[in-house]
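Enquirer: this one's structure only:
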């Protein structure tokens, strides 16, 4: 068994376990790839033409079932080849062409020794069983008694199931990188019918993300939203638009979800405790459904119990010798249709979940640090993050302006250091301080030093002036877009 090297470093193999998008493509039993889910424009057009009369009738009569039945005729076939059975198990012979198990291990890259590949549709505890088999194989292959594991996004859910079932025996270090172990707002809101339309959130999303492949169209959409925002269009939790959409979602949501994402116990792992009860009540809203999907519900409830007892479980594992480290990203906007779009996030996972408890200001706001020392090491220089409340404050790193994906190759150097040396902390290397920032233009990671404190507030006069300006730009953009479109 390799001894610890000088300075506390070790030679334990490091396994990387990525998110769903990094997992292998799915093939059916005949070898046909089935996870490229897409529908043609003609298919969508036909669905709208057929379903719209039923919807209009339902709005008048209050009987939505004929519309739901017609809508599901079009929706159900889109996902049916990918779905588990009613117990949440994959039984039709489909799966990845290459999947890690107890008989082999896939070589890693960029400092990782191995990659764990899995079928993302499976129950997290079945994936944890496969990970356990893979770990035993690697231990025997490399003649070691432990391994370290780095997980990102949904990989954190599998890691959670593994920790819950198998505990600490085989683990040296677990590094959570933007992990959804405790949930993701988008999944929770989708499953629990907490869908909102807020122009402020949509506007912020448009500022940071590309909506289409056409920059001119993106600009037109963005300018339209600015104009609507300036006119104080009623949006958000109490808006008429939201209430209409919520009513429709309540009618058709359970059928849509059970024909797609809610059939995966894995996706339920990303529903946080905040939304869990509402989600279960909405998706499994009849005794018939609860009996039909009893096997899958049992799987879902098992991981939920782990989330509920997460802090206690992790504290126990830490006492048993497992070293934990965390990387969380912030200042990227969430999907604009979630209940809490102002939460700090990397665009996919909220900072409070990814960091396991750090305190963060909302978007365009700062923390009230009254009474705190001016040079408090736990307060970020932009006054957005308070790291003192997270579970592992000395082993949790924060990166501003960093998206959920695409910069792993740079951050992996930090992760490898933390896995190789359990004594490595936010103070160990000035290259990797507690608070960092990501320059997406120049692809540079640097320390977050003397970051300006920004609070976006405008006077009434300023808002009025901005409104007139945006409204003017709205019409100008329409004419510019039409002119550009027809000139081509």
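Expert: Okay, I see it. Nothing here was measured: the structure is a model prediction, and the numbers come from that model.
Enquirer: switch to C-alpha atoms for all contacts and neighbour counts from now on
Expert: Noted.
Enquirer: ok, residue 367 - how many residues close by?
Expert: A count of neighbours around residue 367, defined by other CA atoms under 10 Å, yields 16.
Enquirer: same question, the one 4 residues further on
Expert: Taking other CA under 10 Å as the neighbour definition, residue 371 ends up with a count of 6.
Enquirer: cool, and residue 285?
Expert: A total of 12 residues lie near residue 285 under the criterion other CA under 10 Å.
Enquirer: residue boundaries of the helices in the stretch 301-450 of the chain?
Expert: In chain order, the stretch 301-450 of the chain shows helices spanning 310-319, 351-354, 408-420, with DSSP state H, counting those that start in this stretch as the criterion.
Enquirer: Save those as TSV, and put in mean pLDDT, mean neighbour count and distance to residue 360 too.
Expert: Converted to TSV, the helices of the stretch 301-450 of the chain look like this (pLDDT from 0 to 100; neighbours: other CA atoms under 10 Å; distance: least, CA to CA, whole Å):
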stretch	mean pLDDT	mean neighbour count	distance to residue 360
helix 310-319	96	15	19
helix 351-354	97	25	7
helix 408-420	88	18	22
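Enquirer: wait, which of those is closest to residue 398?
Expert: helix 351-354 (9.1 Å; CA to CA).
Enquirer: The stretch 1-150 of the chain: helices as residue ranges?
Expert: Secondary structure of the stretch 1-150 of the chain, counting by DSSP H, counting those that start in this stretch: helices at 41-61, 65-79, 124-142.
Enquirer: and the shortest one, average pLDDT?
Expert: Averaged across helix 65-79, pLDDT comes to 90.
Enquirer: Could you check that helix and say which residues are buried?
Expert: For helix 65-79, a neighbour-count test (16 or more other CA atoms under 10 Å) marks 67-68, 70-72, 74-76, 79 as buried.
Enquirer: That one to helix 41-61, inter-axis angle?
Expert: Interaxial angle, helix 65-79 versus helix 41-61 (axes from the mean of the first three to the mean of the last three CA atoms, to 10 degrees): 160 degrees.
Enquirer: chain center to helix 65-79, what's the gap?
Expert: Taking the mean C-alpha point of helix 65-79 and that of its whole chain, the gap between them comes to 27 Å (CA atoms, centre = their mean, to the nearest Å).
Enquirer: Need the contact partners of it.
Expert: Applying CA atoms under 8 Å, 6 or more residues apart in numbering, the set of residues contacting helix 65-79 from outside is 37-39, 47, 50-51, 54-55, 58, 251-252, 255-256, 259-260.
Enquirer: Which of these are buried? Put it as a ChimeraX command.
Expert: This is how ChimeraX selects the buried members of the contacts of helix 65-79, with burial counted by 16+ other CA under 10 Å:
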select :47,51,54,55,58,251,252,255,256,259,260
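Enquirer: Most widely separated two among the contacts of helix 65-79?
Expert: Using CA to CA, the two most remote members of the contacts of helix 65-79 are 37 and 58, lying 29.3 Å apart.
Enquirer: one step back: save the helices of the stretch 1-150 of the chain as JSON lines, and put in distance to residue 338 too.
Expert: Supplementary listing: these in JSON lines, determined by distance: least, CA to CA, whole Å:
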{"stretch": "helix 41-61", "distance to residue 338": "25"}
{"stretch": "helix 65-79", "distance to residue 338": "23"}
{"stretch": "helix 124-142", "distance to residue 338": "25"}
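Enquirer: Identify the bridge partners of the closest residue to residue 12 other than its chain neighbours.
Expert: Among residues not flanking residue 12 along the chain, residue 147 sits closest, at 5.2 Å (CA to CA, 6 or more residues apart in numbering). Going by DSSP bridges, residue 147 is paired in beta bridges with residue 171.
Enquirer: Surely residue 147 is in contact with residue 169?
Expert: No. At 9.8 Å, residue 147 does not count as touching residue 169 under the criterion of CA atoms under 8 Å.
Enquirer: between those two, which one's more packed in?
Expert: residue 147 (22 against 14).
Enquirer: now the more buried one: how far from residue 374?
Expert: Look at residue 147 and residue 374: by CA to CA, to the nearest Å, they are 41 Å apart.
Enquirer: So what's the residue count around residue 403?
Expert: Neighbour number of residue 403 under other CA under 10 Å is 22.
Enquirer: Quick check: pLDDT value at it.
Expert: Residue 403 carries a pLDDT value of 88.
Enquirer: so it touches residue 349, yeah?
Expert: No. Counting by CA under 8 Å, no contact exists between residue 403 and residue 349, whose distance comes to 10.0 Å.
Enquirer: overlap in contacts of those two?
Expert: When contacts are counted by CA under 8 Å, 6+ apart, the set common to residue 403 and residue 349 is empty.
Enquirer: quick one, strands of the chain?
Expert: For the chain, the strands defined by DSSP state E occupy 14-17, 26-27, 95-96, 106-107, 114-115, 147-153, 171-179, 323-330, 359-360, 385-386, 396-400, 435-439, 444-447.
Enquirer: pLDDT (mean, whole number) over the first one?
Expert: Along strand 14-17, the predicted confidence averages to a pLDDT of 95.
Enquirer: Low-confidence stretches in the stretch 301-450 of the chain?
Expert: Scanning the stretch 301-450 of the chain for pLDDT under 70 picks out 406-408, 450.
Enquirer: Dump the helices of the stretch 301-450 of the chain into a markdown table; add distance to residue 439 as well.
Expert: Compiled in a markdown table, the helices of the stretch 301-450 of the chain are given as follows (distance: least, CA to CA, whole Å):
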| stretch | distance to residue 439 |
| --- | --- |
| helix 310-319 | 33 |
| helix 351-354 | 19 |
| helix 408-420 | 12 |
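Enquirer: for those helices, which one sits closest to residue 188?
Expert: Proximity of the helices of the stretch 301-450 of the chain to residue 188 was assessed by CA to CA; the nearest stretch is helix 351-354, lying at 12.4 Å.
Enquirer: Does anything pack onto the closest one? Which helices or strands?
Expert: Using 3 or more CA pairs under 8 Å, 6 or more residues apart in numbering; DSSP states H and E as the contact criterion, the secondary-structure elements in contact with helix 351-354 are strand 171-179, strand 323-330, strand 359-360.
Enquirer: can you give me how far the last one is from the chain middle?
Expert: Mean C-alpha position of strand 359-360 versus that of the full chain (CA atoms, centre = their mean) differs by 18 Å.
Enquirer: Kindly state the beta-bridge partners for residue 444.
Expert: Taking DSSP bridges as the rule, residue 444 bridges to residue 439.
Enquirer: Nearest residue to residue 323 in space, please, no chain neighbours.
Expert: Spatial nearest neighbour of residue 323, chain neighbours left out: residue 173 (4.5 Å); criterion: CA to CA, 6+ apart.
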